[in-house]
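>>> okay, here's the prediction I keep looking at, along with the sequence it came from:
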Amino acid sequence: MSTLLEVKNLSFGFTKDKLLLKDFNISLKRGEIKAIVGESGAGKSTLFELILGNIKPLSGEIKVSSYSQVFQDPYSSFHPSYTLLNQIEDVALTDELEKYLLILNLEKSLLLKLPHELSGGQLQRASILRAILMKPDVLLLDEPTSALDNVIQLEVMGMLVKHLDSMAMLLITHDIELARWCADEIVKI
Ligand SMILES: Nc1ncnc2c1ncn2[C@@H]1O[C@H](COP(=O)(O)OP(=O)(O)OP(=O)(O)O)[C@@H](O)[C@H]1O
């Protein structure tokens, strides 16, 4: 099985006297899902920033194939002045788009709206839609279902688990039950 994400001996801190990550290791193979859990402020989102290359590690190595990400705040994923369709059509094939709209329980007409015209939960699902249509090797999910109620949350994660065995997923969540339910391994930071 090919390794799509490899993080080796990663250390990082915003200040030298307090390391958030110390010799941290994680790897993901195709089809694997790992959940990152930990207290607020432990460094979960910082790990994603490091993987994305937005900040540089103090030491260690990060290798990642193509990726797309779903943020905690879906409003930050979309440009406020363009319709959702404008922002996803370049990555979408029609029949695939229809399939995922159905699975994510999103009305097609919503795509003609501006981001602020959708509810937080609808926009969160639209942001998952856009991320998976990019067909990344690695999907980075930072609390991707926090704006959804429990039932829809499980439905959405279930859909991801069932349909996305061609990619690997790294999921940040506060919800230990959700992590146990969908992840192959739970990694505490
Ligand atoms: N740009 C920054 N400069 C300095 N400190 C930062 C910066 N970004 C985050 N931090 C600090 O680093 C720590 C880890 O933040 P991070 O957002 O990674 O935590 P988290 O585990 O994702 O938390 P939460 O579960 O609340 O989202 C926090 O103490 C935070 O205040």
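Ah, there it is.

>>> enumerate the residues of this protein near the ligand.
Proximity of the chain to the ligand (C-beta under 6 Å from any ligand atom) is limited to residues 14, 20, 38, 40, 41, 42, 43, 44, 45, 46. Yep, even glycine has a C-beta here, placed from its N, CA and C like the rest.

>>> and with 5 Å instead?
Applying C-beta under 5 Å from any ligand atom, one finds that the chain approaches the ligand through 14, 40, 41, 42, 43, 44, 45, 46.

>>> those, buried ones only, as a PyMOL selection?
Restricted to buried positions by 16 or more other C-beta atoms under 10 Å, the PyMOL selection for those reads:
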select buried, resi 43+44+46
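
>>> format the residues of the chain next to the ligand as CSV; extra columns: pLDDT and secondary structure.
Below are the residues of the chain next to the ligand laid out as CSV (pLDDT from 0 to 100; DSSP: H, G, I helix; E, B strand; the rest coil):
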residue, pLDDT, secondary structure
14, 94, coil
40, 89, coil
41, 90, coil
42, 91, coil
43, 93, coil
44, 93, helix
45, 92, helix
46, 95, helix
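
>>> low-scoring stretches of this structure, by residue?
Under the criterion pLDDT under 70, the flagged ranges of the chain are 1, 90-93.

>>> can you show me the strands along it?
Secondary structure of the chain (DSSP state E): strands at 3-12, 21-29, 33-37, 59-64, 67-70, 138-142, 168-172, 185-188.

>>> the longest one to strand 168-172, inter-axis angle?
Which is strand 3-12. Angle of strand 3-12 versus strand 168-172, following axes from the mean of the first three to the mean of the last three C-alpha atoms, to 10 degrees, is 40 degrees.

>>> could you pull out the buried residues of strand 3-12?
4, 5, 7, 10, 12.

>>> dump the residue contacts of residue 158.
Residues near residue 158 by C-beta atoms under 8 Å, 6 or more residues apart in numbering: residue 182.
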